[in-house]
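Asker: Need coordinates for the below:
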Amino acid sequence: MANRGKQGVSKYFYDIAEEVPADKWKDFARKLQVQEVKIGRIEAEEKGIVKECCMKVLNQWRMKNGRKATLEVLRKALEDAELGDIAENIKDEELHLRIPVQETAGNSSGAHQPSTQYVYSQVSQPSSDDIKRSGTGLQPEDMDCEDYDDSLLLG
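Answerer: Predicted structure coming up:
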């Protein structure tokens, strides 16, 4: 799963949308507490294109739930929709960041065989001080749908 440089839970949306199978996206939407009427509307608007349907579901879920739209809630919904492999991919990427720390040289023949050792580092979310210093003090996942304004993200 590729981290696309976005902040918060939304940085995983594209990768999730690409991995959710056609026969599971509606179950996944239900586990995110999206109403049946909205699921039907999304399917019609997106002409049944699964990736687009998933993206819309995920964005609506995030905007409706604000700060309550957490990675844990997202993982639980994936697991409950029998998409545990996708949930594990998110967990692996979020909790462990591979950082090369050392190169070693040499082997029994004397030839240089570089090898890299890795350490795993805990990834942290931005602190409230980081958010305050960002300018607006708001992150898209902190806003309700009616408060969301893309112009706040430009800067």
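Asker: Could you list every helix and strand in contact with the top helix by length along the chain?
Answerer: The single longest helix within the chain, with elements called by DSSP state H, is helix 50-65. Applying 3 or more C-beta pairs under 8 Å, 6 or more residues apart in numbering; DSSP states H and E, one finds that helix 50-65 makes contact with helix 13-19, helix 25-31, helix 36-45. In this view, the C-beta of every residue, glycine as well, is placed from N, C-alpha and C.
Asker: which parts of the first one are buried?
Answerer: Buried residues in helix 13-19, defined by neighbour count with 16 or more other C-beta atoms under 10 Å: 13-17, 19.
Asker: can I get the residues you listed in a markdown table with distance to Met55?
Answerer: Output for the buried residues of helix 13-19, formatted as a markdown table (distance: C-beta to C-beta, whole Å):
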| residue | distance to Met55 |
| --- | --- |
| Phe13 | 6 |
| Tyr14 | 7 |
| Asp15 | 11 |
| Ile16 | 9 |
| Ala17 | 5 |
| Glu19 | 12 |
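Asker: correct me, but Lys31 touches Asp80?
Answerer: Yes: under the criterion of C-beta atoms under 8 Å, Lys31 makes contact with Asp80 at 4.5 Å.
Asker: For these two, indicate the residue with more neighbours.
Answerer: Lys31 (20 against 15; other C-beta atoms under 10 Å).
Asker: in what helix or strand does the residue lying closest to the more buried one once chain neighbours are set aside lie?
Answerer: Spatial nearest neighbour of Lys31, chain neighbours left out: Ala77 (3.9 Å); criterion: C-beta to C-beta, 6 or more residues apart in numbering. Per DSSP states H and E, Ala77 falls inside helix 71-80.
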